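In: let's see this in three dimensions:
(chains A and B)
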Amino acid sequence: MYDMKALYEAESVEHAIALRLEHPTAQIIAGGSDVLVQMREGKRAGAELISIYGIDALRGVTLDEEENLRIGSLTSFSHITRDALIQERCNVLGEAVDQVGSPQIRNIGTIGGNTCNGVTSADSASTLHAWEAIVELTGKNGVRRLPIHDFYLRAGKVDLRVEEGEIQTAILIPKASYERTFGHYIKYGMRNAMEIATLGCSVNVRLSPDKTIIERCRIAYGVAGPVPMRCPSAEAAANGHRPTEELAETFSRAVLEDINPRDSWRASKAFRQHIAVEMARRCLIKSIRKAGGALQ
Amino acid sequence: MSNQYKLVRCNINGKDVEKVVDVRASLTDMLRNDYRLTSVKKGCEVGECGACNVLIDGEAFNSCIYLAVWAEGKHIRTLEGLLGPNGELSDIQQAFIDETAIQCGFCTPGFIMSAVEILESGKEYTDDELRKLLSGHLCRCTGYENILRAVKKTMYKRLGKPIPQ
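Out: I've put the predicted structure just below:
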């Protein structure tokens, strides 16, 4: 038995919004692999819950009329990994969420829950930042869309407005973001399964048609700061340059100007900085290869 | 304190069933207490150990972090559902015995239900892939190699292929 005060089950998005407005202090639960564990630990004991898990309309990956990838917020990690549209257009997202927890956790965990937690270590978060994902929120006044960077306010806090009755309904990857773009994600952890990232790094590149120039490079980290973050200095160092060994070196050193990891019981700041450079280098080289290029 | 109850209708091991359950119950609570399916073990109860693993609509879930009310309309399978009409063991259960993949037995039902999902996919997996697919289970007797062997042996048997040397 869970120590909860009440459970309200939303049957539709509209119903969820109404429940949010009616019970403003209630906690939303999607798959529950964080919320229920926290309840068991006593952190959220006695809370009221609004379960949105039953809203099947929020599941699945589609292309909208502008060919943006639209991922319903309740789509589980395992379904994202197996999805043909994701494999074709943003394979790295499927690979990143395939490193969350264990097979059972990937069946229950949702991308919406992973982002709404606002934690920096979420395996989906760095890739969603690196691909400039758009978060879709639905409330009493309709739909609000904002860049994922702006969705994260601070550690553990996202821009989800209870007074609007908002819930997250989708995550979009714009066509301009995924077109001709290939990426790679590395999770550094002490073990392979049931592990929270010590550091996560996601890089993607778009090469010129003749594969000799990096037209656009984007990189983001999880656990390199209180919220997932992009690295503008490193990106500037790579954009418009030829993919060479020296470039990979310059690019990966430049991340140190952008990231701000901390000392924690999982790893020291110095260690995180050290592996951040190496992960950036490996991710860049792998991304270039996936894009059909090679180091010159 | 909550005083909420809800009728939950679902299909468990091939049988349509319904029970009024407390909304605070986990699926583990419901399967063990209301249906006496005690192969579903209470281990860590925070989704780490996999002892409570069951199949819901064909996918493996830790029933300890799954609310009982979410089972509405779902098809649930537990280890008890693998037995034949006269209590015969299924091939994967027999393989666990033959390979000594059981010591204390507490993790076994969870492992076997993950193995059922793996086997029913009809795919051939490498050892590394099998290890990853089984990684949501802890065996504190640490009999992992024997468990891997039991699953692998049954996989090749069902595929009708010899085990590669």
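In: okay, strands next: where are they in chain B?
Out: B:5-12, B:15-22, B:53-56, B:59-62, B:75-77 (DSSP state E).
In: between those strands, which one is nearest to chain A?
Out: strand B:59-62 (4.7 Å; Cβ to the nearest Cβ). Yep, even glycine has a C-beta here, placed from its N, CA and C like the rest.
In: one step back: now the strands of chain B as a markdown table including distance to residue A:24?
Out: Below are these laid out as a markdown table (distance: least, Cβ to Cβ, whole Å):
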| stretch | distance to residue A:24 |
| --- | --- |
| strand B:5-12 | 23 |
| strand B:15-22 | 25 |
| strand B:53-56 | 32 |
| strand B:59-62 | 31 |
| strand B:75-77 | 34 |
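In: OK, contacts around residue 130?
Out: I went with chain A, as the question did not name one. Taking Cβ atoms under 8 Å, 6 or more residues apart in numbering or on different chains, we find residue A:130 in contact with A:183, A:202, A:203, A:204, A:218, A:219, A:220, A:230.
In: oops, chain B please
Out: Contacts of residue B:130 were listed using Cβ under 8 Å, 6+ apart, and they are B:118, B:148, B:151, B:152, B:155.
In: where are the low-confidence patches of chain B?
Out: The model of chain B has pLDDT under 70 over residues B:1-3.
In: looking at it, which residue is nearest chain A?
Out: For chain B, Cβ to the nearest Cβ, closest residue to chain A: residue B:136, 2.9 Å.
In: next one: phi and psi at residue A:163?
Out: phi -70, psi -20 (degrees, to the nearest 10).
In: now residue A:158
Out: Backbone torsions of residue A:158, given as degrees, to the nearest 10, read phi -120, psi 160.
In: and stretch B:14-34, how far out from the chain's middle?
Out: On the basis of Cα atoms, centre = their mean, to the nearest Å, stretch B:14-34 sits 16 Å off its chain's mean C-alpha point.
In: contacts for it next, please.
Out: By Cβ under 8 Å, 6+ apart, stretch B:14-34 touches A:1-4, A:6-7, A:36, B:2, B:4-12, B:35, B:37-38, B:40, B:42, B:45, B:52, B:54, B:61, B:63-71, B:76, B:78, B:81.
In: residues contacting residue A:218?
Out: Residue A:218 neighbours (Cβ under 8 Å, 6+ apart): A:130, A:131, A:132, A:203, A:204, A:205, A:230, A:235.
In: returning to that earlier point: narrow the contacts of stretch B:14-34 to those that are buried.
Out: A:2, A:4, A:6-7, A:36, B:2, B:8, B:10, B:12, B:35, B:37, B:40, B:42, B:45, B:52, B:54, B:61, B:63-71, B:76, B:78, B:81 (16 or more other Cβ atoms under 10 Å in any protein chain shown).
In: all helices of chain A, in order?
Out: Taking DSSP state H to define them, one finds helices in chain A at A:13-22, A:35-40, A:77-82, A:84-89, A:91-97, A:103-108, A:111-116, A:123-130, A:148-151, A:175-178, A:232-238, A:245-254, A:269-290.
In: I'd like to know which of the ones you listed lies nearest to residue A:198.
Out: helix A:269-290 (6.9 Å; Cβ to Cβ).
In: what's the angle between that closest one and helix A:245-254?
Out: With axes from the mean of the first three to the mean of the last three Cα atoms, to 10 degrees applied, the angle from helix A:269-290 to helix A:245-254 works out at 140 degrees.
In: residues touching the closest residue to residue A:94 other than its chain neighbours, list them.
Out: Leaving out its chain neighbours, the residue that sits closest to residue A:94 by Cβ to Cβ, 6 or more residues apart in numbering or on different chains is residue A:81, at 4.1 Å. The contact partners of residue A:81, by Cβ under 8 Å, 6+ apart, come to A:94, A:95, A:97, A:98, A:106.
In: tell me the domain ranges of chain A?
Out: A:4-50, A:180-290 (automatic domain parsing).
In: pLDDT averaged over the shortest one - what is it?
Out: Mean pLDDT, taken over the full extent of domain A:4-50, equals 96.
In: that domain close to chain B?
Out: Yes: contact of domain A:4-50 with chain B (Cβ under 8 Å from any Cβ of the partner chain) involves A:4, A:5, A:6, A:7, A:9, A:32, A:33, A:36, A:37, A:40, A:41.
In: tally of neighbours for residue 149?
Out: I went with chain A, as the question did not name one. Using other Cβ atoms under 10 Å in any protein chain shown, residue A:149 has 16 neighbouring residues.
In: that's the wrong chain, I wanted chain B
Out: By the measure other Cβ under 10 Å, the count of residues near residue B:149 is 20.
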